[in-house]
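S.K.: everything below, folded, please.
(one chain, ligands or ions: 2)
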Amino acid sequence: MKVRIEPSGHEFETAPGETLLEAALREGFHLPYSCRNGACGTCKGRIVSGDVRHEPYEAKALSEAEKAAGMALFCRAVPEGSVVVEAREIGVARDIVIKTMPCRVVRMEKLAPDVMRLFLKLPQNERLLFLAGQYIDILLKDGRRRGFSIANAPSADEFLELHIRHVPGGLFSGHVFGAMQERALLRFEGPLGTFFLREDTEKPVILMAAGTGFAPIKAIVEQTLTTDSERPLYLYWGGRTRADLYLHDLALGWAAQQPRIRYTAVLSRPTSEDHWEGRTGYVQDAIAADWPDLSGFEVYGSGPPRMIEAAKGVLAQKGLPADAFYYDAFEHAKDPVLLP
Ligand SMILES: Cc1cc2nc3c(=O)[nH]c(=O)nc-3n(C[C@H](O)[C@H](O)[C@H](O)COP(=O)(O)OP(=O)(O)OC[C@H]3O[C@@H](n4cnc5c(N)ncnc54)[C@H](O)[C@@H]3O)c2cc1C
Ligand code: FES
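M.R.: Ligands and ions are numbered 1, 2, ... in the order given. From the prediction side, this is the model:
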């Protein structure tokens with residue numbers, strides 16, 4: 001089926017059963033997306049003409065009213081004939097090629113009781129070209145896949161670094177905290193997603209992370225440290241207890257080293273052993289309390305979907321335009337129906 005993107009006028013073909021997003025990425029057209037599962041809403045765009053059918057998706061990602069108004073989730077929408085869609089293409093991602101590669105786990109480091117840092121080595125002479133903030137899908141042997149953000153900057157690409165939270169009953173994270181050993185071989189697809197710092201503006205940036213949402217934020221900060229950017233960065237990192245801020249000293253170090261970086265840590269449920277004298281509450285509420293007018297900011301948020309959903313409302317109330325909020329909601333994987 002033929003697809004035209006407005007306003008660029010770019011055209012491509014979809015294969016039978018293929019979603020708009022799958023075909024666009026295959027053809028090298030980068031549209032905004034994150035989970036590819038119909039859960040986060042990042043890929044939402046308008047169908048200008050033609051018909052699409054939707055694969056299953058979550059109602060929070062696309063309301064009935066939005067659907068009736070001609071909006072669609074491009075990661076779930078399959079064209080039923082020629083269509084014209086309206087979407088913002090992301091030029092800076094143009095050189096990014098999504099690859100499937102093997103890698104070896106060369107180091108495992110427990111950062112917190114429930115967070116493991118993995119360092120992955122690519123085959124000799126192979127490098128992955130990616131943008132700070134993007135993620136990879138670990139491909140499991142049975143066809144399932146699990147998304148994890150790359151925690152290092154592209155400029156330090158000897159290893160790919162991941163921060164994996166142990167999900168109770170989690171298939172892959174359970175393996176990471178159980179049988180997996182250093183030297184294990186994995187396969188992944190990536191880089192994926194469009195969560196990266198937009199450089200076409202000098203607006204001050206608020207970086208908002210909760211838990212392992214710190215991983216892509218770390219990559220973004222470390223990438224800016226390699227440039228002479230003067231852009232102010234206000235980093236907010238939230239967790240329940242002190243253990244959740246598993247690289248607190250690293251973040252304190254960035255702020256000590258660079259006057260343009262400010263770091264605020266926020267705990268929602270500090271324990272008495274934490275002896276916490278810092279901010280308490282939820283990270284999005286701390287941002288709203290500090291910045292009564294967010295109209296001139298960009299906010300980049302990553303972490304649990306409930307934090308992202310809450311932040312959308314709280315930050316919009318402080319004047320943040322919807323198109324100045326970039327996020328990766330750490331949605332859990334939706335497994336395909338696997339044949340026995
Ligand atoms: C773009 C993107 C980037 C991500 N980056 C990271 C990252 O850097 N670090 C990280 O730790 N995670 C990250 N995630 C989340 C991670 O992919 C999921 O948590 C994944 O499902 C974990 O795989 P698993 O096999 O351990 O658990 P699964 O087998 O997938 O999960 C078992 C059950 O636990 C529940 N569950 C799993 N994950 C979650 C969750 N996040 N929230 C609530 N319930 C859950 C579900 O009910 C699920 O059925 C990211 C997700 C996305 C979409
Ligand atoms: S809903 Fe389509 S990328 Fe998340």
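S.K.: could you use CA atoms for every contact and neighbour count after this?
M.R.: Noted.
S.K.: the nearest residue to residue 86 once chain neighbours are set aside and residue 83, how far apart?
M.R.: Nearest non-adjacent residue to residue 86, counting by C-alpha to C-alpha, 6 or more residues apart in numbering: residue 6, 4.7 Å away. Relative to residue 83, residue 6 is positioned 11 Å away (C-alpha to C-alpha, to the nearest Å).
S.K.: ok, the residue nearest to residue 86 - contacts?
M.R.: Shown in contact with residue 6 (C-alpha atoms under 8 Å, 6 or more residues apart in numbering): 84, 85, 86, 87.
S.K.: need the pLDDT of the last one.
M.R.: At residue 87, the model reports a pLDDT of 91.
S.K.: where does the prediction get shaky in this structure?
M.R.: 336-340 (pLDDT under 70).
S.K.: okay, now the domains of it?
M.R.: Residue ranges for the domains of the chain, per automatic domain parsing: 2-89, 99-192, 205-329.
S.K.: using a markdown table, lay out these together with distance to ligand 1.
M.R.: Listed next are the domains of the chain as a markdown table, based on distance: least, C-alpha to the nearest ligand atom, whole Å:
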| stretch | distance to ligand 1 |
| --- | --- |
| domain 2-89 | 4 |
| domain 99-192 | 3 |
| domain 205-329 | 5 |
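S.K.: so can I have TSV of those domains showing distance to residue 198?
M.R.: TSV is the format used below for those (distance: least, C-alpha to C-alpha, whole Å):
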stretch	distance to residue 198
domain 2-89	12
domain 99-192	10
domain 205-329	9
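S.K.: what's the neighbour count on the nearest residue to residue 116 once chain neighbours are set aside?
M.R.: Of all residues not flanking residue 116 in the chain, residue 110 sits nearest, at 4.5 Å (C-alpha to C-alpha, 6+ apart). Counted with other C-alpha atoms under 10 Å, the neighbours of residue 110 add up to 14.
S.K.: ok, which of the domains of the chain comes nearest residue 335?
M.R.: Closest approach to residue 335 among the domains of the chain (C-alpha to C-alpha): domain 99-192, 6.0 Å.
S.K.: that closest one: how far from the chain's middle?
M.R.: Here domain 99-192 is found 14 Å from its chain centre; the criterion is C-alpha atoms, centre = their mean, to the nearest Å.
S.K.: on that earlier part again, keep only those of the contacts of residue 6 that are in strands.
M.R.: 84, 85, 86 (DSSP state E).
S.K.: just how off-centre is stretch 44-56 within its chain?
M.R.: 23 Å.
S.K.: list the contacts of that stretch.
M.R.: Contacts of stretch 44-56 (C-alpha under 8 Å, 6+ apart): 38, 62, 70-74, 76-87.
S.K.: close to ligand 2, is it?
M.R.: No: applying C-alpha under 6 Å from any ligand atom, one finds stretch 44-56 separated from ligand 2 by no less than 6.7 Å.
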